[in-house]
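J.: Predicted model and sequence below, questions to follow.
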Amino acid sequence: MAVGYREIRPPDDLRAAVVCLWERVGTAGQQLVVPDGCTDLIWLAGRELVIAGADTGARSVSLPVGLRSSGLRLRPGAAGGFLGVPASEVRDCRASAEEVLGSHAVCLADRLASTTAQGQLQLLAETARRRQVVPDPVVIAASRLLGRPGARVATVASDVGISERQLHRRTVAAVGYGPKMLARVLRLRRLIRMPAASLVERALAAGYASQAHMSDEVRSLTGLSASQYLVRFVEAPTLVDL
């Protein structure tokens, strides 16, 4: 990962809804963000509180050099419950937290601005706790199944006991987009975790139909070739304790 970035293990009571807390110190140049199915609440460069919704494609962001940003990363399936609105409303965008969370965001921003870096992470965690985020259990179960090689949406819907239409509606509300898109994103993330091998072996192990299928999907979601993606993005860093 980029220099100055670290991920922090969330408190035990938040792990069902939160992937991690994180902080990053801005460096020169653009940072490429690729889809991961997550929504983040971000105290951006110590200046503003924003919500970054789940992405369907890559985007480049830049952070002021030397300034710290802190974030709370929600699991796929937890965003709708945290936001209080369908997660699709912030898909592919960065929105002012005040527009989504109202006066709570104003109060939180004031508190974030007046505390330490450690305190900011604790406040972000406390925000998730106060909002009593309960991920959609059906979407969480479906996400686990969609994350397996060869998963099919129709089969997953049947396995979790609802229709494809219901699964689509609930996934859009909880994640930000439908189960087919989520399956593509989860497969992209799975590709990173495959043991080093030839591209065709990694493609098949991750669940792509062929190396060509993998190449097309990776370029569509990241703008990079498969080789560039695998070199540039590695397995998530080890979580450290808060």
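T.: Yep, it's here. Numbering: from 1, shown residues only.
J.: Where does residue 129 fall, secondary structure wise?
T.: Using DSSP states H and E, residue 129 falls within helix 117-130.
J.: meant to ask about residue 135
T.: For residue 135, there is no host helix or strand (DSSP H and E).
J.: shouldn't it be in contact with residue 87?
T.: No - if you go by C-beta atoms under 8 Å, residue 135 and residue 87 don't touch, sitting 11.1 Å apart. Placement of C-beta: from N, CA and C, glycine included.
J.: Between those two, which has more neighbouring residues?
T.: residue 87 (27 against 23; other C-beta atoms under 10 Å).
J.: Please report how far the residue nearest the centre of the chain lies from residue 195.
T.: Nearest to the mean C-alpha position of the chain, counting by C-alpha atoms, centre = their mean, stands residue 38 at 2.1 Å. Separation of residue 38 from residue 195 (C-beta to C-beta, to the nearest Å): 24 Å.
J.: Check residue 140 too.
T.: Distance of residue 140 to residue 195, computed by C-beta to C-beta: 27 Å.
J.: the more surrounded of those two?
T.: residue 140 (17 against 7).
J.: Now do the helix or strand hosting the more buried one: which elements does it pack against?
T.: Element membership for residue 140, per DSSP H and E: helix 137-146. On a contact count with 3 or more C-beta pairs under 8 Å, 6 or more residues apart in numbering; DSSP states H and E, helix 137-146 meets helix 153-160, helix 164-174, helix 179-193.
J.: With residue 54 as the reference, name the closest of those.
T.: Across the helices and strands packed on helix 137-146, residue 54 has its closest neighbour in helix 179-193 (8.0 Å, C-beta to C-beta).
J.: Can you give me the separation between the nearest residue to residue 111 once chain neighbours are set aside and residue 64?
T.: Nearest residue to residue 111, sequence neighbours excluded (C-beta to C-beta, 6 or more residues apart in numbering): residue 123, at 5.7 Å. Distance, residue 123 to residue 64, using C-beta to C-beta: 21 Å.
J.: In stretch 202-210, which residues are buried?
T.: Across stretch 202-210, burial judged by 16 or more other C-beta atoms under 10 Å covers 202-204, 206-208.
J.: Quick one: the strands in the chain, in order.
T.: Secondary structure of the chain (DSSP state E): strands located at 5-8, 18-25, 31-33, 39-44, 48-52, 59-61, 68-74, 94-96.
J.: now these as JSON lines including distance to residue 184?
T.: Shown next, in JSON lines, are the strands of the chain (distance: least, C-beta to C-beta, whole Å):
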{"stretch": "strand 5-8", "distance to residue 184": "23"}
{"stretch": "strand 18-25", "distance to residue 184": "19"}
{"stretch": "strand 31-33", "distance to residue 184": "16"}
{"stretch": "strand 39-44", "distance to residue 184": "17"}
{"stretch": "strand 48-52", "distance to residue 184": "19"}
{"stretch": "strand 59-61", "distance to residue 184": "16"}
{"stretch": "strand 68-74", "distance to residue 184": "19"}
{"stretch": "strand 94-96", "distance to residue 184": "22"}
